[in-house]
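**Q** Could you work out the structure for the sequence below:
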Amino acid sequence: MSKITVHMTKEALYDFLLYHAYSKFSGFLVNILGFAVIFLGVFSYAVGRTGADGAAVYLIAALIFIGYMPIQLKRRAKKQVEVNPEYRETVEYTFSEEEGITARWESGNRHVDWTEVQRAVVAPKTIGVYYGKDQALILPKQDFGEEFLPIYQMIVRHLAENSADKTNIT
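**A** You can find the predicted model right below:
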């Protein structure tokens with residue numbers, strides 16, 4: 001059994017939200033669209049189809065495409081840390097081989113059985129343990145301390161078991 005105490009920050013939550021958004025095809029597509037608009041603006045200016053004002057409009061549109069999502073996610077992270085008790089309050093996570101993951105904070109708790117864990121992702125500042133399509137326990141790496149390796153190995157072990165169980169069903 002391993003325990004960690006998590007103090008969610010808006011920076012850590014933003015890190016996870018960025019990873020979550022840009023690891024999907026739609027996040028990738030928004031960036032491609034933004035860079036395509038830049039290319040069209042530069043190309044149109046280079047071949048004389050538009051002047052400097054027109055090229056500036058293309059560049060502004062591209063910056064909106066590329067910059068909107070990160071700005072929106074930064075605002076969402078800040079708001080979630082302010083209003084969501086699971087992020088606002090200190091949370092104690094207990095990782096048990098037999099029982100799964102239990103999170104306890106002043107105004108609530110959550111339990112995730114290992115059979116519910118679908119996947120885990122590692123972002124630069126966080127680890128996300130998904131127990132639903134868009135439901136995850138978000139754990140800032142800075143809060144793991146000496147427990148990082150034992151907890152990470154436990155998660156991987158149970159993901160492998162879950163994967164093996166699903167393979168046996170089909």
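
**Q** And N162, how close does it get to S44?
**A** Distance of N162 to S44, computed by Cβ to Cβ, to the nearest Å: 52 Å. For the C-beta atoms, the positions are set from N, CA and C on the backbone; glycine is no exception.

**Q** G51: neighbour count?
**A** G51 has 10 neighbours, counted by other Cβ atoms under 10 Å.

**Q** For burial, what's the neighbour tally of the nearest residue to it once chain neighbours are set aside?
**A** Among residues not flanking G51 along the chain, Y45 sits closest, at 7.4 Å (Cβ to Cβ, 6 or more residues apart in numbering). Y45 has 18 neighbours, counted by other Cβ under 10 Å.

**Q** cool, and the one 3 residues further on?
**A** For G48, the number of neighbouring residues by other Cβ under 10 Å comes to 7.

**Q** For it, report the pLDDT, please.
**A** The per-residue pLDDT reported for G48 equals 88.

**Q** Now it: phi and psi?
**A** phi 80, psi 10 (degrees, to the nearest 10).

**Q** Check the gap between it and G41 for me.
**A** 13 Å.

**Q** swap in T5?
**A** 50 Å.

**Q** go on, R110?
**A** Counting by Cβ to Cβ, the gap from R110 to G41 is 48 Å.

**Q** do the same with R119
**A** 39 Å.

**Q** Would you map out the domains in this structure?
**A** 2-8+85-169, 10-83 (automatic domain parsing).

**Q** what about R119 and G41, which has more around it?
**A** Neighbour totals were compared for R119 and G41, and G41 leads with 20 against 13 (other Cβ under 10 Å).
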